[in-house]
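Engineer: Have a look; sequence and predicted model below, questions after that.
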Amino acid sequence: MIDLKLIQNSFDSTATALRRKKVDSELIESLKIANENLKTAKLAYESLQAKQNEMSRLFGQYKKEGKSTDELKIEVDANKLLLNELLETQRQAEEALEAIAMRVPNLPDAEVPDGEDENDNVEIQKVLTPPTFEFTPKEHWELAEQNGWIDFERGVKLAKSRFSVVSGIGARLERALINFMLDFNRERGFMEVSVPMLVNRRALEGTGQLPKFEDDLFKVEEEELFLIPTAEVPLTNLYQDEIINAAELPIKMTGYTSCFRKEAGSGGRDVRGMIRQHQFHKVELVAITRADQSDVVFDEMVACASDLLAALGLPHRLVTLCTGDLGFGAARTVDLEVWLPGQNTYREISSVSNTRDFQARRARIRYKEEGKNMLAHTLNGSSLAVGRTMIAIMENFQQEDGSIRIPDVLQKYL
RNA sequence: GGGUCACUGGCAGAGUGGUCGAUUGCACCGGUCUUGAAAACCGGCGAGGGUAACACCUCCCAAGGUUCAAAUCCUUGGUGGCCCGCCA
């Protein structure tokens, strides 16, 4: 959630910033009004509550002194009716505010370039040179089937389209990658955490997937639980509703989970192969920091993911997302795009975001510094999507006969 | 899954309808004493919101309910202990 004080105190600049993220002024205006309504309602309710408390105290005193309470009771009863009305008004004002506020995205950082979509993203850096081939490189699905690594048909048989089965060396490579990434991240100071892959509504609200993006999530109906779309959700929400000692920050975590996404809006994109699946494996990085630490940790996370790719020998580039491509909760995002020779293009394999205090305000993640409670900053980044890393390895390290060379760093994991 | 007992400030632990947001001990912070420390003594000390600062509001696992008034009574849920059943 964005800071409502910003709406209250510096409306114009906040509205301008939000407009960069395609939020229309009307919504911002209604947010301001809803906030003011709540403040008014609260004030009215609380001062009447104070009166009620005072009368109840008197009631007890009268009883003790043996005085008659008949008159007081009439007054107190009348006040209670009014109190209930004001409470209801306040409740409605709260609901109205939340309905709007929870659907307003985060403000982009000032340095984030303006833009409409991914075409306006800005390349920062290329790492490693794409390999040249003396033959026409194949796409990963061809290589995967030829090597017997991935079985797309049987995945569909077991579940539905966009599911697949990985077996043999492919399955072992998948496991090797997960272990390699977790070890790599641990050496960079990220503590490994194993978390639930089903979470409740509150957790998803905390990180911003709900209420707005329920259509993208798989839900276990009877339990009101959801399959996680990313480990960012359980990892960040570990500290939901907590006040952390400032000295313990930054908290840097890494975790491996499966991720589940409905891919509702993706239409017919990437139907072939393993680029876009309903279930995929991912090793994630999450950090909870003090407000003044998040920029440094952000760079650490980008470096961690980029160095991991480099260690695997995978050419890639770093891209700053423009305002139009920025996610709901992100103030700033750097994507890592890996080179895919079969597709002759760079494709996203990791995404590192700083949400600043946006998630922390929703999830109530705070830290105590010199006796004051401050909202933490939260950051998340994929330390590589495992499936897409497999794809990149297949396409970059393919030989003319279709066999695939395994990167040296993975040898000891196989 | 069934039964039963419990859940109170950092910890321990009082409080069973009314000046209780909560006795007390430990821990913690300040002071006196001391060369310094410990001990002893004195004072302070739960949390969230709100305010320029007060005021004020809320919080005794959570959500409802009864009552003028709830930590205290009732209902449901959660978590933990023990017993039974089941399972990896």
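Structural biologist: Right, received. Where do you want to start? Numbers count the residues shown, from 1 in each chain, chains lettered A, B, ... in the order given.

Engineer: how long is stretch A:218-234 from one end to the other?
Structural biologist: Using CA to CA, to the nearest Å, one end of stretch A:218-234 lies 15 Å from the other.

Engineer: what comes into contact with it?
Structural biologist: Outside stretch A:218-234, the residues that touch it by CB atoms under 8 Å, 6 or more residues apart in numbering are A:195-201, A:203-204, A:206-207, A:209, A:216-217, A:255-257, A:259-262, A:278, A:282-284, A:286, A:380, A:382. No exception for glycine: its C-beta is placed from N, CA and C like everyone else's.

Engineer: Quick one: mark the members of those residues that sit in helices.
Structural biologist: With helices taken from DSSP state H, the overlap with the contacts of stretch A:218-234 comprises A:Arg201, A:Ala203, A:Leu204, A:Gly206, A:Thr207.

Engineer: For the longest helix that chain A contains, name the packing helices and strands.
Structural biologist: Ranked by residue count, the top helix of chain A under DSSP H comes out as helix A:25-65. For helix A:25-65, the packing partners by 3 or more CB pairs under 8 Å, 6 or more residues apart in numbering; DSSP states H and E come out as helix A:4-9, helix A:11-20, helix A:70-101.

Engineer: Of those helices, give the one that comes closest to A:Ala247.
Structural biologist: Shortest distance between A:Ala247 and the helices and strands packed on helix A:25-65, using CB to CB, is found for helix A:4-9: 27.2 Å.

Engineer: Identify all contacting residues around that closest one.
Structural biologist: For helix A:4-9, the external contacting residues (CB under 8 Å, 6+ apart) are A:Thr14, A:Ile28, A:Leu31, A:Lys32, A:Asn35, A:Glu36, A:Ala101, A:Leu107.

Engineer: residues contacting the fifth one?
Structural biologist: Under the criterion of CB under 8 Å, 6+ apart, the neighbours of A:Asn35 are A:Leu4, A:Ile7, A:Gln8, A:Leu97, A:Ala101.

Engineer: Quick one: classify A:Glu153 as helix, strand or coil.
Structural biologist: Three-state call for A:Glu153 (DSSP: H, G, I helix; E, B strand; the rest coil): helix.

Engineer: and it, how far is that from RNA strand B?
Structural biologist: 30 Å (CB to the nearest atom of the strand, to the nearest Å).

Engineer: got the residues of the stretch 201-350 of chain A near RNA strand B?
Structural biologist: Residues of the stretch 201-350 of chain A lying near RNA strand B by CB under 7 Å from any atom of the strand: A:Ile243.

Engineer: nearest residue to whichever residue of the stretch 151-300 of chain A sits closest to RNA strand B other than its sequence neighbours?
Structural biologist: Per CB to the nearest atom of the strand, A:Ile243 is where the stretch 151-300 of chain A lies closest to RNA strand B, at 5.6 Å. Spatial nearest neighbour of A:Ile243, chain neighbours left out: A:Arg366 (4.8 Å); criterion: CB to CB, 6 or more residues apart in numbering.

Engineer: how deep is the one you found tucked in, by neighbour count?
Structural biologist: 19 (other CB atoms under 10 Å).

Engineer: quick revisit: so how far is A:Lys372 from the residue of the stretch 151-300 of chain A closest to RNA strand B?
Structural biologist: Going from A:Ile243 to A:Lys372 by CB to CB, to the nearest Å gives 11 Å.
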